[in-house]
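Undergrad: A structural model of the following input is requested.
(chains A and B)
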Amino acid sequence: DAGVIQSPRHEVTEMGQEVTLRCKPISGHDYLFWYRQTMMRGLELLIYFNNNVPIDDSGMPEDRFSAKMPNASFSTLKIQPSEPRDSAVYFCASSFPSRGSTEAFFGQGTRLTVV
Amino acid sequence: AQSVSQHNHHVILSEAASLELGCNYSYGGTVNLFWYVQYPGQHLQLLLKYFSGDPLVKGIKGFEAEFIKSKFSFNLRKPSVQWSDTAEYFCAVTHARGGSYIPTFGRGTSLIVHP
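TA: Residues are numbered from 1 along each chain as shown, chains lettered A, B, ... in the order given. As a prediction, this is how the structure comes out:
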């Protein structure tokens, strides 16, 4: 398996623009997580899905952030409009607890810079 | 809610020194415990995990961790560090079953190993 795949790896955008981050989880995994990593706040859970359904989005910082999972193999995290304080590394992770392992597998991350 | 506390935020060692990174979690139920490593500019990778059985867990690259249930701790150790161990280390916990499978992470410990 190729692991969790995220795109793009790097994104530089201007303030006010829409940004879409993409994630393909490991095939068969039924949990998908979006995390944001910054120096100040460490790793923060933004939202997670179970079987494509958003379960808890309480970590989404503002209404400017939205996430979808239209099918088991694809998820997006959208920021509209983007702001400089959104600059961070965004990680997607997936897991398959029903197989007895709650280990989360991480993608390479998307480094977002908003100028 | 579960939480994870890593006591050492920054650790600086010389090569061949011994390493111990502290991790405590708060949750009274059955947990799965993890240590992840993040090398500079890379994603989180699993170092080792504890699900059940022998509380002394051995992972990759000579790392080990000991689960002490009475202390709610899962400290990471390595007898002799190498320059290549320079990285960020994250402790994480999930419920083992029937609860939240969301990985909760500590703030991380930055390890710098001088050659």
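
Undergrad: Packing partners of the lowest-mean-pLDDT helix or strand in chain A?
TA: Least confident helix or strand of chain A, by mean pLDDT, DSSP states H and E, is strand A:101-106 with a mean of 91. Identification of packing neighbours for strand A:101-106 by 3 or more CB pairs under 8 Å, 6 or more residues apart in numbering or on different chains; DSSP states H and E yields strand A:88-96, strand B:31-38, strand B:44-50, strand B:87-95. For glycine as for every other residue, the C-beta is placed from the backbone atoms N, C-alpha and C.

Undergrad: and the third one with strand B:87-95, angle?
TA: Angle of strand B:44-50 versus strand B:87-95, following axes from the mean of the first three to the mean of the last three CA atoms, to 10 degrees, is 50 degrees.

Undergrad: can you tell which of the helices and strands packed on strand A:101-106 is closest to B:Ser5?
TA: With CB to CB as the criterion, B:Ser5 lies closest to strand B:87-95 of those, at 8.4 Å.

Undergrad: distance of the most centrally placed residue in chain B from B:Lys78?
TA: The C-alpha lying nearest the average C-alpha coordinate of chain B belongs to B:Trp35 (CA atoms, centre = their mean; 3.3 Å). According to CB to CB, to the nearest Å, B:Trp35 and B:Lys78 sit 11 Å apart.

Undergrad: cool, and A:Leu46?
TA: Counting by CB to CB - A:Leu46 and B:Lys78 are separated by 32 Å.

Undergrad: who in chain A is up against chain B?
TA: Applying CB under 8 Å from any CB of the partner chain, we find that chain A lies next to chain B at A:31, A:33, A:42-43, A:45, A:48, A:56, A:91, A:93, A:95, A:97, A:100-109.

Undergrad: Buried among these? Make that a PyMOL selection.
TA: Buried residues among the residues of chain A next to chain B (16 or more other CB atoms under 10 Å in any protein chain shown), as a PyMOL selection:
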select buried, chain A and resi 31+33+42+43+45+48+91+93+95+97+102+103+104+105+106+107+108+109
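
Undergrad: so where is chain A shaky, pLDDT-wise?
TA: Within chain A, the stretches with pLDDT under 70 are A:1.

Undergrad: Strands of that one, start to end?
TA: A:5-7, A:10-13, A:19-24, A:31-38, A:42-50, A:53-56, A:65-71, A:74-79, A:88-96, A:101-106, A:110-114 (DSSP state E).

Undergrad: In the shortest one, which residues are buried?
TA: By neighbour count, with 16+ other CB under 10 Å as the criterion, the buried positions of strand A:5-7 are A:Gln6.

Undergrad: Likewise for the second one?
TA: Of the residues in strand A:10-13, those buried under the neighbour-count criterion (16+ other CB under 10 Å) are A:Glu11, A:Thr13.

Undergrad: now do the last one
TA: When burial is assessed from 16+ other CB under 10 Å, strand A:110-114 yields the following buried residues: A:Thr110, A:Arg111, A:Leu112, A:Val114.

Undergrad: Identify the bridge partners of the first one.
TA: This points to A:Thr110. When bridges are called by DSSP bridges, A:Thr110 pairs up with A:Tyr90.

Undergrad: Quick one: neighbours of A:Gly16, just the number.
TA: 10 (other CB atoms under 10 Å in any protein chain shown).
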